[in-house]
Each structure stands twice: as C-alpha cells, then as structure tokens.
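Peer 1: Got a predicted model here, sequence first, then my questions.
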Amino acid sequence: MTETEFLPLFDLHHNMVYRLALSCTHSPQDAEDIVQTVFLKLLDSKHPPTHGKERAWLAQVTVNACRDLLRSRSRQRWEPLEETIPCARPEEHALLDAVLALPPKYRAAVHLHYYEGYSYDEIARILRISPPAVSMRLHRARNMLRSSLEEDKDGT
C-alpha cells in the first residue's frame, strides 16, 4: 500500500479504531498502541482490504488486536479510565459509564452497533460469532444497561 492510499484511510478511520480500542481496553495508552498496530498491519498487509470494505477490515483487526493485548499481558486487573470521554450532552455520561461497565463481550457488541453503526451480520463477522449470538449479546446488554440505569435513578 502506498502512502497516497494509506493517508486518506488513516484520516478517515483512525478515530473509529481508537474509540473501539478504548471501549475494549479502558486504557487510552493501550488504545493508542492498538491504533498504531492496526494501521501498521494495514501498511504491511500483502492483501489489503477490498475498496469499500476498509472500515470493516479495520474494525475486525482492532477487535483481534484488543483480544491479543488482553490475553498477552495476563491482565487480571483493569486500569481505570483516567480520561473522560467527551459526551455531546451531560445526560449521556450515565449511559456511557454504564456501557463501559459492561463485560467486554457485551461492550464490544454495543459499541459496534450503537456507536459505529454496524449491522448484526457485520458485527458477527467482526467478532467471529453468529448473527443470533450478536442479537443475544445486544439483548442481554440492553437488559444490563436498563437495570444499571434504573438502579442509578432509584439510588439518586
């Protein structure tokens, strides 16, 4: 891949890769490392993604890089998210906190569907699970979010 092909892809997709990596790792430093890893894989790829499929390819490589990172470091504890993620409206903070508190497999599905706009079939390919499994993860995640947000509302 040449620099003239690479730079527009980086400019267009690096924020999506970072947000997805941050959602999976809860660490801005790890998310930045993953962005670098993903785009280096794109540069070094002998078979670059098909034109128009770059976004899905990058999302799948990002999810895989997050899995590899979390496995390789034998991380038994999560580092707290030190930086706050800017929300458009203050009322979104509770929802974002609830999403970030979800278990990783649910958080990834929610992020890909609601924040990045992927369909169930696309998420299934990225996460390497079946579309019904995506549907079930999103259903369970919505129930967890509803329960968490109701507890926060009742506790306030």
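Peer 2: All right, it came through fine. This is a predicted model, so every value here is computed, not measured.

Peer 1: Low-confidence ranges, the chain, go.
Peer 2: Regions of the chain meeting the criterion pLDDT under 70 cover residues 73-91, 155-156.

Peer 1: Can you tell me the SS state at residue 51?
Peer 2: The assignment at residue 51 comes out as coil when based on DSSP: H, G, I helix; E, B strand; the rest coil.

Peer 1: Report the contact partners of the nearest residue to residue 111 once chain neighbours are set aside.
Peer 2: Spatially, and ignoring its direct neighbours in sequence, residue 111 is nearest to residue 23 (4.3 Å; CB to CB, 6 or more residues apart in numbering). To be clear about C-beta, it is placed using only N, CA and C from the backbone, and glycine gets the same treatment. Contacts for residue 23 (CB atoms under 8 Å, 6 or more residues apart in numbering) come out as 99, 100, 107, 108, 111, 115.

Peer 1: Closest one to residue 44 out of the residues you listed, please.
Peer 2: Nearest to residue 44 among the contacts of residue 23: residue 108, at 24.7 Å, using CB to CB.

Peer 1: so that closest one makes contact with residue 62?
Peer 2: No: the pair residue 108 / residue 62 is not scored as a contact, 9.8 Å apart, by CB atoms under 8 Å.

Peer 1: still on that earlier bit, and the residue nearest to residue 111, how close does it get to residue 43?
Peer 2: Distance, residue 23 to residue 43, by CB to CB, to the nearest Å: 24 Å.

Peer 1: hang on, the earlier thing: what separation do you get for the residue nearest to residue 111 and residue 141?
Peer 2: Taken as CB to CB, the span from residue 23 to residue 141 is 12 Å.

Peer 1: check contacts around the residue nearest in space to the middle of the chain.
Peer 2: By CA atoms, centre = their mean, the chain has its centre lying nearest to residue 20, at 2.4 Å. Counting by CB under 8 Å, 6+ apart, residue 20 makes contact with 59, 62, 63, 66, 108, 111, 112, 116.

Peer 1: Perfect, that will be all.
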